[in-house]
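Asks: My questions concern the predicted model and sequence given below.
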Amino acid sequence: MRTERRTVIAASIGLLMAGCAGLNDGGSDGDAPPTDPGTDTPQCDPDDVARPPVATGTNIEGREYPRKPETLTEPSIMEYLDDFETSFAWNRILQSAEGVTSVNVDNLNGFTPDETGDGFLASSGIRASYSTEAGASDEREYIANYFVAPGAVYRHESTGDPTAPEPRDEETALVQCGTDD
């Protein structure tokens, strides 16, 4: 089973890097996209980042997104993804529901990064819940799937098994470029 997962991961990385390359075509003659000095990872365009904005003017403050670690290691990615997904779910709730009085985001089983050579894949079950001034409440569970590379961070949400984020999939989002917020 581990070999099958590695094969899926390796195939996914090729698509991820091709998807990131598509964000900045590097020239009209079809040349490879520009890369950061000393790396093989294409740059991505911060204008293509899609994530819920940090909420303002709500009963509860929005959560700032964490900076991606400059050095990608399993421990740094575990901490980063836990903080990032908490901010993502928190801000999404505040963006979509009115009169929110409480928000709770639980990482059910922790992100365990799997190094792929070009970055890391990691997934975790998440439970997000909230209540409102009107007495309404909602709770949902999902799986947050990430690919974290030196350049781009992709996120895909699933409800069954963990899946590798595919940049060409409409449900996969570029959620961060470089170490910028």
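Replies: Nice, I can see it. Numbering: from 1, shown residues only.
Asks: what's the weakest-modelled helix or strand in this structure?
Replies: Ranking every helix and strand in the chain by mean pLDDT, DSSP states H and E puts helix 2-21 at the bottom, with a mean of 40.
Asks: Helices along the protein, start to end?
Replies: In the chain, the helices defined using DSSP state H lie at 2-21, 74-96.
Asks: List the contacts of the residue nearest in space to the middle of the chain.
Replies: The C-alpha lying nearest the average C-alpha coordinate of the chain belongs to R155 (Cα atoms, centre = their mean; 3.4 Å). Remark: with contacts taken as Cβ atoms under 8 Å, 6 or more residues apart in numbering, R155 is in contact with 51, 88, 144-146, 165, 172-173, 175. (Glycine included, C-beta is placed from N, CA and C.)
Asks: Taking those, tell me the two that lie furthest apart.
Replies: Spatial extent of these (Cβ to Cβ) is set by the pair R51 and N145 at 14.6 Å.
Asks: more crowded one of these two?
Replies: Of the pair R51 and N145, N145 is the one with more neighbours under other Cβ atoms under 10 Å, namely 22 against 17.
Asks: contacting residues around stretch 62-69?
Replies: With contacts defined as Cβ under 8 Å, 6+ apart, stretch 62-69 is touched by 51, 53-56, 76-77, 79-80, 83-84, 86-88, 90-91, 94, 148, 153, 176, 178-181.
Asks: Filter those residues down to the buried ones.
Replies: 51, 54-55, 76-77, 80, 83-84, 86-88, 90-91, 94, 148, 153, 176, 178 (16 or more other Cβ atoms under 10 Å).
Asks: Identify the residues contacting P53.
Replies: For P53, the contact set (Cβ under 8 Å, 6+ apart) comprises 62, 91, 95.
Asks: so N107 bridges to which residues?
Replies: I126 (DSSP bridges).
Asks: That one contacts T86, correct?
Replies: Yes. N107 sits in contact with T86 when judged by Cβ atoms under 8 Å, with a separation of 7.2 Å.
Asks: now the strands for this protein?
Replies: The residue ranges that make up the strands of the chain, judged by DSSP state E, are 100-107, 114-115, 120-132, 137-148, 152-158, 172-177.
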